[in-house]
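J.: Pasting the sequence and the predicted model now:
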Amino acid sequence: MPTSLLNMPDWWKHLLEADQRLFLFLNNKITHPWLDAIYPWWREANTWIPLYLFLIVFSIINFGKKAYPWILFSVITLVLTDQLSSQI
């Protein structure tokens with residue numbers, strides 16, 4: 001066991017082990033050629049633009065001016081989480 005794992009609390013070690021088991025399960029057991037073709041497309045940011053536009057238009061149509069603060073909050077949240085996740 002690496003020395004960095006020796007200094008971690010037990011719950012953190014269990015969490016890392018569960019994460020590794022889940023990763024190996026997803027990558028070794030749940031495989032299919034169809035999924036291999038879909039996932040790279042699904043990962044692209046441009047794939048989700050129509051969904052985001054639909055949600056914005058749907059919100060504005062159904063909630064009018066009440067939707068603008070929610071849309072602004074959502075955009076700020078998406079930008080911040082994207083930047084934070086890519087920097088960490």
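T.: Noted; the coordinates are in hand. Numbers count the residues shown, from 1 in each chain.
J.: make it CA atoms for all contacts and neighbour counts henceforth
T.: Noted.
J.: then stretch 52-62 to PDB, C-alphas only?
T.: What follows is stretch 52-62, C-alpha atoms only, in PDB (Å, rounded to 0.1, in the frame of the first residue of the first chain):
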ATOM      1  CA  TYR A  52     -29.500  23.600 -23.500                       C
ATOM      2  CA  LEU A  53     -31.300  25.800 -26.100                       C
ATOM      3  CA  PHE A  54     -34.500  23.800 -25.700                       C
ATOM      4  CA  LEU A  55     -34.400  24.100 -21.900                       C
ATOM      5  CA  ILE A  56     -33.900  27.900 -22.200                       C
ATOM      6  CA  VAL A  57     -36.700  28.400 -24.600                       C
ATOM      7  CA  PHE A  58     -39.000  26.100 -22.700                       C
ATOM      8  CA  SER A  59     -38.300  28.000 -19.500                       C
ATOM      9  CA  ILE A  60     -38.900  31.400 -21.100                       C
ATOM     10  CA  ILE A  61     -42.200  30.200 -22.700                       C
ATOM     11  CA  ASN A  62     -43.600  28.600 -19.600                       C
END
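J.: That stretch - what's its average pLDDT?
T.: What stretch 52-62 shows for mean pLDDT is 95.
J.: now stretch 13-21
T.: Summarised as a single mean, pLDDT over stretch 13-21 is 93.
J.: and it, which residues are buried?
T.: Within stretch 13-21, no residue counts as buried by 16 or more other CA atoms under 10 Å.
J.: I'd like the distance from that stretch to the chain centre, please.
T.: Averaging C-alpha positions (CA atoms, centre = their mean, to the nearest Å) puts stretch 13-21 19 Å from its chain's average.
J.: Kindly report the same for stretch 15-32.
T.: So, by CA atoms, centre = their mean, the centroid of stretch 15-32 is 17 Å from its chain's centroid.
J.: Where does Asn27 sit, in terms of helix or strand?
T.: Taking DSSP states H and E as the criterion, Asn27 maps to helix 10-28.
J.: For that helix, which helices and strands make contact with it?
T.: If you count contacts as 3 or more CA pairs under 8 Å, 6 or more residues apart in numbering; DSSP states H and E, helix 10-28 packs onto no helix or strand.
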